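Asker: requesting a structural model of the entry that follows:
(2 chains)
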Amino acid sequence: MSSMPHAEIAPEIIRVKALRKIYRTGGLDVEALRGVDLSVRRGEFVAVIGPSGSGKSTLFNVLGGLTPPTSGDVWIDGIDLRGMKESERTEMRQRKVGFVFQKYNLLPTLTARDNIYLAQAIAGIKTQPAAFDNVLKMLGIENRMDHKPRALSGGEQQRVAIARALVNQPAILLADEPTGNLDTANSNAVLDLLRDLNKRIGQTILMITHNPEAAAFADRIISMRDGQVLN
Amino acid sequence: MINKLVFENLKHRWVRTLLGALLVGVLVASITTLIGLSRGLLEERAARAKGTGADIILRPDTHGTISFASGPISEKFVALVRKQPHVTQAVGVLVQAVELITSMNGVDVPEFAKLSGGFHYLEGGSPKAPDDLLVDESYAQQKHLHVGATVQLFGHDWRLSGIVEGGMLARFVVPLDTLQQATANTGKISQILVKLDDPARTNEMVTYFDKLLAGDLKAISMADVVSQFTISSFPQLELFINIITTMWVVVIFLVVGLSMYTAVLERTREIGILKALGAKPWTILDLLIREAILLALVGWVIGIVLALVTRTLIVSMFPASLNVVNVPDWWPKAAAIALSGAILGALYPGLKAARQDAIEALSYE
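Answerer: You can find the predicted model right below:
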């Protein structure tokens, strides 16, 4: 893996500079990100807000190592994503990044507990961190762990997804519209939880949303439009 | 954990899993039943030959071990053989195919009794009239026959004079003269059974007869006859089984391949989730191959159970027609066939899943 600690960006857990991402669809090049600069410090809770097509989901995918950048620098917890092979990005996803998706994305055949264990098994981690019990308590799902996703409410499923994202103690938690499928009460509960996790265990969170009310839970809001960061 | 996911995935889609496993099971049962039937028929023939008590069989020099043809030898050879040293008895037998895999033997019953010790009659007795017939107990049981019944075989009406214990000569035994006339083989026989005064002289006498009857008859010791009643002694049967086995591998490959391909399409989003969690392509491929292996193993177990049940049904319903034996030595081979077909079948869907783009997979509806 092409990791290289950088003295200048050491305090930052995410550093993005002149990031461009071009997709080729139907023979046409679509520039989804047009020179994005971004810096997130360890322990920050940042919301990225913008309308559909603004490039925020593409940014999520690049930061999560799901797709390579076309050009520019992307550093995650001291690791340079530029020029990484697919296998290296796969390894990075195992331990450096935790994902929370709008549609929860739990495996329907496994219980909540096994969904969480699976993330550990894929990362090759055998034991849960000591602090994880507290995380489960914070999430309020310790009594729902033996249920399969279909037996859980949307809010519970999203909390399980958050637990799964945190079990390997990732450097950053990436959340893509985490409240997009929830009603207001459950949305607020999940957002409160994310904020609690950020404050109590210092988890760095980057949340993508198009909802200004959800973004208001973050420490800092970054606006995007047409593939560029506005502020 | 991966094993648990494999198990839960198969359990979750239990109808498809059950149908896939049943299809594999039916194929495994077919393989083992075919082998059991082939082996059963050969073993039965070997047992019948051995049951005569003969030490040597003399057959036309150009023939193999088994002949369904009738009467190419002159019965005058019997008298010649009887005069040879160490021969205590020689009996000519005419073999006539009756059904596809069943034959009738024409023999001089009293002379045959001197060689073999005689039939063990369960009902009735030895043929008295020219059209008298002996059948074995399996045939009598299957056809619900009793002494005195008329049995029509190749257009000839026979009167059942006796029901004998099986395992000696053919399923049907009639007087030699009658069968010779009925099949236009007057004065002809198919083989000669030879009893020696000392079985230890068998090999010596085989050589002796081969020299004496060179060009006309070939001597085969009973031990060699019995050892030749195996599938591997019949290249065409072995080739047929190999072709069928290969076809079954292809069918299992298609069954599992289709099942896994559908599973991959249905579970595109789940594959995306695994990739997002950091699963390597090999992990995805491994997951699907394990599912295919488990499917094949469940199918294999179903197949073995089906084969045992099928054998029991066949043997109880058609005791005289189809002799099927259990072939536990073929069970591991059937497992290998099921597993190889299943693994091959899972490879393409597995590779397709492993190459799936994570973002596309996660956005799959």
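Asker: tell me the contacts of the closest residue to chain A within the stretch 151-300 of chain B?
Answerer: With C-beta to the nearest C-beta, the shortest gap between the stretch 151-300 of chain B and chain A falls at residue B:278, namely 3.2 Å. Heads up, the C-betas are built off the backbone N, CA and C, glycines and all. Residues touching residue B:278, when contacts are defined by C-beta atoms under 8 Å, 6 or more residues apart in numbering or on different chains, comprise A:90, A:91, A:92, A:93, A:94, A:95, A:122, A:123.
Asker: where are the low-confidence patches of the stretch 101-250 of chain B?
Answerer: Residues of the stretch 101-250 of chain B meeting the criterion pLDDT under 70: B:101.
Asker: residue B:349 is in contact with residue B:288, isn't it?
Answerer: Yes - the pair residue B:349 / residue B:288 is scored as a contact, 6.1 Å apart, by C-beta atoms under 8 Å.
Asker: compare the two (neighbour count), which wins?
Answerer: Ranked by neighbour count (other C-beta atoms under 10 Å in any protein chain shown), residue B:349 and residue B:288 place residue B:288 first, with 28 against 24.
Asker: hmm, the helix or strand where that one lies touching chain A?
Answerer: Counting by DSSP states H and E, the element that carries residue B:288 is helix B:281-317. Yes - figure legend: helix B:281-317 in contact with chain A (C-beta under 8 Å from any C-beta of the partner chain); contacting residues residue B:283.
Asker: now that helix: buried residues?
Answerer: B:281, B:283-304, B:306-307, B:310-311, B:314-315 (16 or more other C-beta atoms under 10 Å in any protein chain shown).
Asker: nearest to residue B:77, out of the contacts of residue B:278: which one, please.
Answerer: Using C-beta to C-beta, residue A:122 is the member of the contacts of residue B:278 that sits closest to residue B:77, with 79.7 Å.
Asker: by contact count, what packs against the helix or strand that closest one falls within?
Answerer: Assigned by DSSP H and E, residue A:122 belongs to helix A:112-123. Packing contacts for helix A:112-123, counted by 3 or more C-beta pairs under 8 Å, 6 or more residues apart in numbering or on different chains; DSSP states H and E, involve helix A:86-95, helix A:154-166, helix B:2-12.
Asker: near chain B at all, the next helix or strand after the second one?
Answerer: When you say that, I think you mean helix A:154-166. Proceeding N to C from helix A:154-166, the next assigned helix or strand is strand A:172-176, under DSSP H and E. No - with C-beta under 8 Å from any C-beta as the threshold, strand A:172-176 lies outside contact range of chain B, at a closest distance of 9.4 Å.
Asker: ok, and what's touching strand A:172-176?
Answerer: By C-beta under 8 Å, 6+ apart, the surrounding residues in contact with strand A:172-176 are A:13-14, A:40, A:57, A:60, A:63-64, A:76-77, A:96-102, A:162, A:165-166, A:194, A:197, A:203-208.
Asker: apply 6 Å and report the result again.
Answerer: Strand A:172-176 is contacted by residues A:60, A:64, A:97-102, A:165, A:203-208 when judged by C-beta atoms under 6 Å, 6 or more residues apart in numbering or on different chains.
Asker: can you pull up the bridge partners for the residue minimising distance to the centre of chain A?
Answerer: By C-alpha atoms, centre = their mean, the mean C-alpha position of chain A lies nearest to residue A:174, the distance being 0.9 Å. Counting by DSSP bridges, residue A:174 is bridged to residue A:99, residue A:206.
Asker: can you read off the pLDDT for it?
Answerer: pLDDT, residue A:174: 95.
Asker: and for the one 10 residues further on?
Answerer: Residue A:184 is assigned a pLDDT of 88 by the prediction.
Asker: with the one 4 residues further on instead?
Answerer: Turning to residue A:188, the model gives it a pLDDT of 89.
Asker: from chain B, how far off is it?
Answerer: If you measure residue A:188 against chain B using C-beta to the nearest C-beta, to the nearest Å, the figure is 26 Å.
Asker: Three-state assignment for that residue, please.
Answerer: On the three-state scheme (DSSP: H, G, I helix; E, B strand; the rest coil), residue A:188 is labelled helix.
Asker: quick check, residue A:32 in a helix?
Answerer: No - applying three-state DSSP, one finds residue A:32 to be strand, outside a helix.
Asker: now do the contacts for the nearest residue to residue B:261 once chain neighbours are set aside.
Answerer: When the adjacent residues along the chain are set aside, residue B:261 lies closest to residue B:349, with 4.4 Å between them (C-beta to C-beta, 6 or more residues apart in numbering or on different chains). Under the criterion of C-beta under 6 Å, 6+ apart, the contact list for residue B:349 reads B:260, B:261, B:264.
Asker: switch the cut-off to 7 Å
Answerer: Applying C-beta atoms under 7 Å, 6 or more residues apart in numbering or on different chains, we find residue B:349 in contact with B:257, B:260, B:261, B:264, B:288.
Asker: any idea how far it lies from chain A?
Answerer: With distances taken as C-beta to the nearest C-beta, residue B:349 is found 17 Å from chain A.
Asker: look up how far residue B:338 lies from that residue.
Answerer: 17 Å (C-beta to C-beta, to the nearest Å).
Asker: please, which helix or strand holds the closest residue to residue B:303 other than its chain neighbours?
Answerer: On the basis of C-beta to C-beta, 6+ apart, the spatially nearest residue to residue B:303 that is not a chain neighbour turns out to be residue B:28, at 2.5 Å. Using DSSP H and E, residue B:28 maps to helix B:14-51.
Asker: what about that helix, average pLDDT?
Answerer: Averaged across helix B:14-51, the pLDDT comes to 88.
Asker: name the helices or strands packed onto the next helix or strand after it?
Answerer: Sequence-wise, the next helix or strand beyond helix B:14-51 is strand B:56-60, with elements assigned using DSSP H and E. If you count contacts as 3 or more C-beta pairs under 7 Å, 6 or more residues apart in numbering or on different chains; DSSP states H and E, strand B:56-60 packs onto strand B:191-196, helix B:202-212, strand B:217-221, helix B:222-228.
Asker: can you give me the angle strand B:56-60 makes with strand B:191-196?
Answerer: Relative orientation of strand B:56-60 and strand B:191-196, computed by axes from the mean of the first three to the mean of the last three C-alpha atoms, to 10 degrees: 150 degrees.
Asker: what is the neighbour count of residue B:236?
Answerer: Each residue near residue B:236 was counted by other C-beta under 10 Å, and the total is 7.
Asker: what's the distance between it and residue B:102?
Answerer: Taking C-beta to C-beta as the measure, residue B:236 falls 20 Å from residue B:102.
Asker: re the thing from before, the nearest residue to the residue of the stretch 151-300 of chain B closest to chain A once chain neighbours are set aside and residue B:46, how far apart?
Answerer: Take residue B:278 and drop its neighbours on the chain: the residue closest to it by C-beta to C-beta, 6+ apart is residue A:94, 3.2 Å away. When distance is defined by C-beta to C-beta, residue A:94 is 63 Å away from residue B:46.
Asker: return the residues of chain B in contact with chain A.
Answerer: Chain B has residues B:1-2, B:4-5, B:8-9, B:12, B:270, B:273, B:276-280, B:283, B:358-359, B:362 near chain A, with proximity defined as C-beta under 7 Å from any C-beta of the partner chain.
Asker: residue A:38 belongs to a helix?
Answerer: No - if the criterion is three-state DSSP, then residue A:38 is strand and not within a helix.
Asker: right, and it touches residue A:16 too?
Answerer: Yes - taking contacts as C-beta atoms under 7 Å, residue A:38 lies within contact range of residue A:16: 4.0 Å.
Asker: burial measure for the residue of chain A found nearest chain B, as a count.
Answerer: Of the residues in chain A, the one nearest chain B is residue A:94, at a distance of 3.2 Å by C-beta to the nearest C-beta. Around residue A:94 sit 20 other residues, with neighbours defined as other C-beta under 10 Å.
Asker: for chain B, what are the nearby residues on chain A?
Answerer: Checking chain A against chain B by C-beta under 7 Å from any C-beta, the hits are A:61, A:66-67, A:87, A:90-91, A:93-94, A:99, A:105, A:107-110, A:114, A:117-119, A:121-123.
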